[in-house]
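Asker: predicted model and sequence follow; I will ask about them next.
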Amino acid sequence: MRAVVENVMTTEVAAVNEKASFHTVAELLISRGVSGVPVLDDDNRVLGVVSEADLLAKEEFKERYYGDGYRPPLRARIRHSAGSEGSGYRKSLGETAGALMTSPAHVTTPDASVVSAARLMDRYGVKRLPVVDADGRLAGIVSRRDLIKVFLRLDEEIEREVREALHGRAEVAVADAVVTLSGTYAERSQAVTAVRLAENIDGVVAVHDELGWKHDDIADLPVWGGA
């Protein structure tokens, strides 16, 4: 069975209410040693995420426009405030987590697969995802480091699970989470299925296919198509 987010997530989550002050958020990030936290409403539902980058927008904006007496041209000020950097200007005025946060948050659920969570992180370029229940309430948080845990299983555990998945019909060897399958199946399709089953075991880094077969039933399949 594939690992799900619930198996690896952290349930003790540093989070803030949307009404929390700038200083409260900053102190929490520093004290907990994290770069971002979920922002919640009064019902514990996730509204967004506030990060170090969101807080730094305030100081960055001040330096850009007011530091060292610098004042950019009107055209530049309009571009920054109304164009692609408009959100930075808005956040520079924020006093609460709700005003500073990035919303909506990219979230996952406890029953989501570890693979799907990793893909979400890669797609949106984030290092962690709040985990929410069916009502959108915070249930935990999962980080890239948490997802890597599935690749830290003992070789003995992986070997046992692969053998069970293949019902002992192939020889299995595991070294550093790399599985080697050997032996002979009656049909080629059975060998292909065996490799796929092994690849789907949590913690498997790669599968070396040394399987043979007596009959190539895949080659016997009809080829459909035509003009």
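Answerer: Arrived safely. Numbers count the residues shown, from 1 in each chain.
Asker: show me the shaky parts of this protein.
Answerer: Low-confidence segments of the chain, defined by pLDDT under 70, are located at 1-2, 57-94, 223-227.
Asker: and the helices in it?
Answerer: In the chain, the helices defined using DSSP state H lie at 5-8, 22-32, 52-66, 74-82, 86-92, 97-100, 114-124, 144-148, 155-165, 188-199.
Asker: mind listing residues that contact the second one?
Answerer: Where contact means Cβ atoms under 8 Å, 6 or more residues apart in numbering, the residues beyond helix 22-32 that reach it are 14, 16, 20, 35-37, 50, 52, 55, 58, 94-97, 100. Just so you know, the C-beta spots here come from the backbone N, C-alpha and C atoms, and that holds for glycine as well.
Asker: list buried residues within those.
Answerer: Burial by neighbour count, 16 or more other Cβ atoms under 10 Å: within those this picks out 16, 20, 36-37, 50, 55, 58, 94, 96-97, 100.
Asker: quick check, nearest of those to residue 122?
Answerer: residue 36 (16.9 Å; Cβ to Cβ).
Asker: number of residues surrounding residue 131?
Answerer: Using other Cβ atoms under 10 Å, residue 131 is surrounded by 25 other residues.
Asker: pretty sure residue 120 is touching residue 113, no?
Answerer: No: at 10.7 Å, residue 120 and residue 113 do not qualify as touching, with contact defined as Cβ atoms under 8 Å.
Asker: so what sits against both of those two?
Answerer: Taking Cβ under 8 Å, 6+ apart as the contact rule, residue 120 and residue 113 have no neighbour in common.
Asker: give the contact list for residue 175.
Answerer: residue 155.
Asker: still on that earlier bit, out of the helices of the chain, which one sits most buried?
Answerer: Relative to the other members of the helices of the chain, helix 97-100 carries the highest mean neighbour count by mean count of other Cβ atoms under 10 Å, namely a mean of 23.
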